[in-house]
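Asker: I would like the atomic coordinates for the input below:
(2 chains)
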Amino acid sequence: GEDVEQSLFLSVREGDSSVINCTYTDSSSTYLYWYKQEPGAGLQLLTYIFSNMDMKQDQRLTVLLNKKDKHLSLRIADTQTGDSAIYFCAEIPMNTGFQKLVFGTGTRLLVSP
Amino acid sequence: SQTIHQWPATLVQPVGSPLSLECTVEGTSNPNLYWYRQAAGRGLQLLFYSVGIGQISSEVPQNLSASRPQDRQFILSSKKLLLSDSGFYLCAWSVERPGETQYFGPGTRLLVL
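Answerer: As a prediction, this is how the structure comes out:
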């Protein structure tokens, strides 16, 4: 089935690292995404990872993928107040026959000075 | 470069009134197009997707419909709005290859009173 789960809230101090976790249930997913949504705005693609990768790093962002446990995480190093937003993970289950993005409920990250 | 536009940005409508939200994409041809809804405090739900002019697939039964009169235009409509139609509506596009990233518009916030 298709189900993507995330914790709802995360609060960190400026300069700390943030780790946002996501679990998914469809083992056929070969593409996994992280999107960022700032208040009142659309979704901005942050990064993505293919299922044949374990890790992907892009500047302050590190994505870790554990296919065995169907667990995806996004680590933000040196978190800034501008990183405060809702973060969505999403998968494209390949058994749907189409590029249907299935989103998690989103994790609201609050960065305090 | 490709851009995606949505309008209006915000809309307040009475129950029972019609609805028309528009989404246009620039800088690409024959994109796949998507309509999502984000209810308050919840994740994104795929409503419709389209692989070409006049080709619409509905993901969930609802009070809404979609049309694609031109290659890069996607319209979300309703004949009579319900209170439950309130939400944040996001349009997205992707190239037609399977698994390709979806890029989102700025969204339309709809409030039905």
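
Asker: Could you use CA atoms for every contact and neighbour count after this?
Answerer: OK.

Asker: So the spatially most central residue of chain B versus B:Arg68, what's the distance?
Answerer: Closest to where the C-alpha atoms of chain B average out (Cα atoms, centre = their mean) is B:Trp35, at 3.1 Å. Distance, B:Trp35 to B:Arg68, by Cα to Cα, to the nearest Å: 11 Å.

Asker: In this structure the residue nearest to the centre of chain B contacts B:Ile56, no?
Answerer: No: using Cα atoms under 8 Å, B:Trp35 makes no contact with B:Ile56, being 10.6 Å away.

Asker: hang on, the earlier thing: from chain A, how far off is the residue nearest to the centre of chain B?
Answerer: Distance, B:Trp35 to chain A, using Cα to the nearest Cα, to the nearest Å: 11 Å.

Asker: That residue - nearest residue in space that isn't next to it in sequence?
Answerer: Leaving aside its sequence neighbours, B:Trp35 sits nearest to B:Cys91 (Cα to Cα, 6 or more residues apart in numbering or on different chains; 4.7 Å).

Asker: what are the ranges of the strands in the chain?
Answerer: Went with chain A since none was named. A:4-6, A:9-13, A:18-24, A:31-37, A:43-50, A:55-58, A:61-66, A:71-76, A:85-91, A:102-103, A:107-112 (DSSP state E).

Asker: that's the wrong chain, I meant chain B
Answerer: B:3-7, B:10-13, B:19-26, B:32-38, B:44-52, B:55-58, B:65-70, B:73-78, B:87-94, B:103-104, B:108-112.

Asker: Report the helix or strand with the lowest average pLDDT across chain A.
Answerer: Lowest on mean pLDDT, DSSP states H and E among the helices and strands of chain A sits strand A:102-103, with a mean of 86.

Asker: That strand and chain B in contact?
Answerer: Yes: with Cα under 8 Å from any Cα of the partner chain as the criterion, chain B is reached by strand A:102-103 at A:Val102, A:Phe103.

Asker: Parallel or antiparallel, list what pairs with that strand.
Answerer: Applying DSSP bridges to the sheet, strand A:102-103 is found paired with strand A:85-91 (antiparallel).
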